[in-house]
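Novice: Give me the fold of what follows.
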Amino acid sequence: MATLITGGTGFIGAEVARILAERGERPIVLDISDRKTLLRGVEDRVTIVKGDVSNYSHVFNVIKQYGIDVIYHLGSMLSIPSDADPWSAFRVNAQGSFHVLEAARILSTKKVIFSSTLGTYGLDIREGVIDDYSLQRPTLFYGCTKVFVELMGRFYKRKFGLDFRGVRYPAVVGPGVKTPGIVQYYPWAIEHAYRGKPFKIWVTPDTRCAAMYYKDAALSIIQCAEAPLERIKMGVYVLAGMYLSAQELVDNIKKFIPDARLEFEPDMEKVEIIKGLSKPIDERYARDEFGWVSRYPIERTIEDFIKELRENPEKYA
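Specialist: Okay, here's the model as predicted:
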C-alpha cells in the first residue's frame, strides 16, 4: 500500500512518517520544505518530494507517480500565520485541500485522512462540553478553512464515494515548535524550563485549554485511518488529549524541573480567544468508532518531551 503524507516534514507529519517507516512501509512525503531534521533516524526509509499543495500539478503528479492508496493530508498554514495572511491561508488550506480531494477522486485513491482542529469551534458554544455535534462557528481564519475542508470532504464522500475521515486536534505539544500560536505556551513553557530560561505565560493561571502530545496526535490519525470503514460513522472526530489549567501545567513541569522560572503575564486578547475553547471535550465518538485512547497524559508528556530534548538535541536546536 502506497501512502502519501502532505506536510510530511513538519511536526506531526514527520512523526506519522516515522511510525509508518518503522512498521516497514516507505511513505511518500510531500512538503514545501525538503528538510530531514524531524525525520532523523528514518530519513533513508521515506521518499521526500518537494512540492506545494496549492499547486495542483504537484499534488496530481505525486499521487499518479507513486500510485498512492492513502493520503494523510496534514499540509497547511497554522493559526497565527493564517490570521496574519488569510490570502495565502486560503490558497494553501482551502484550495490545496481541494487539489488533494480532486486528485484523489480522479486517480482513484482509496482514502484521504484530514487533520482538522479544535479551532473549528468558536466563542459561542452554549453546551457544557464540546463534542462532535457542537456548532462549528470559528473566529480565526485557520478554523474557517478547516471547516470548509471538512465539508468538502463530506461532499466528496457522498458524491464520489471517497473514504474521507479525519480528526480535530486540540493544541499539539512537542519539542522544537517554532511557529507562533495562541496556545504555544504549553510546549514553550516546558522547553524554556528544561533549558533553564525564564518564560512568561500569556494566559491567566486558571485558563484551561485542551492539548495533545505530538506522538498521540500521530497515533490518533493513523488509528483513525486504519479503522474498518463500517465503524466510521461520524467521519471527523474531536480529540481531547489533556485538559489542564495553566497553573496545573506549571505545577506538573515543576515536578520534573523544580527551579523552573515560569511566570504569568496575561494577554487578555489571547485569553478571550482561548476562553471560547476552554470547555471540556467529549471524545466518545473517537473512542467508540476507532478505539482511540490517549497514551500521553501530562506527566508522561513532560517526561518524554524532556527525554526527546536530551537525546536528540540536533533535532530541536
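Novice: Residue 60 contacts residue 103, doesn't it?
Specialist: Yes: here residue 60 reaches residue 103: they are 4.5 Å apart, a contact under Cβ atoms under 8 Å. Every C-beta, even on glycine, is put in place using the N, C-alpha and C of the backbone.
Novice: Of the two, which one has the most company?
Specialist: Counted by other Cβ atoms under 10 Å, residue 60 and residue 103 do not tie: residue 103 has more neighbours, with 24 against 17.
Novice: what about the more buried one, which SS state?
Specialist: The three-state assignment at residue 103 reads helix, by DSSP: H, G, I helix; E, B strand; the rest coil.
Novice: is it true that it touches residue 57?
Specialist: No: with contacts counted by Cβ under 8 Å, residue 103 stays clear of residue 57, the gap being 9.6 Å.
Novice: Residue 64: what's it in contact with?
Specialist: Contacts for residue 64 (Cβ atoms under 8 Å, 6 or more residues apart in numbering) come out as 103, 107.
Novice: that's a strand at it, yeah?
Specialist: No: Residue 64 is assigned helix when assessed by three-state DSSP, not a strand.
Novice: how near is it to residue 56?
Specialist: Noted for residue 64: a distance of 12 Å to residue 56, by Cβ to Cβ, to the nearest Å.
Novice: quick one: common contacting residues for those two?
Specialist: residue 103.
Novice: got the buried residues for stretch 299-311?
Specialist: 301, 302, 304, 305, 306, 308, 309 (16 or more other Cβ atoms under 10 Å).
Novice: With pLDDT, distance to residue 94 and secondary structure as added columns, please give those in JSON lines.
Specialist: Converted to JSON lines, the buried residues of stretch 299-311 look like this (pLDDT from 0 to 100; distance: Cβ to Cβ, whole Å; DSSP: H, G, I helix; E, B strand; the rest coil):
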{"residue": "301", "pLDDT": "97", "distance to residue 94": "32", "secondary structure": "helix"}
{"residue": "302", "pLDDT": "98", "distance to residue 94": "36", "secondary structure": "helix"}
{"residue": "304", "pLDDT": "97", "distance to residue 94": "34", "secondary structure": "helix"}
{"residue": "305", "pLDDT": "97", "distance to residue 94": "33", "secondary structure": "helix"}
{"residue": "306", "pLDDT": "97", "distance to residue 94": "38", "secondary structure": "helix"}
{"residue": "308", "pLDDT": "94", "distance to residue 94": "33", "secondary structure": "helix"}
{"residue": "309", "pLDDT": "94", "distance to residue 94": "35", "secondary structure": "helix"}
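Novice: If anything else comes up later, I'll come back, but that's it for now.
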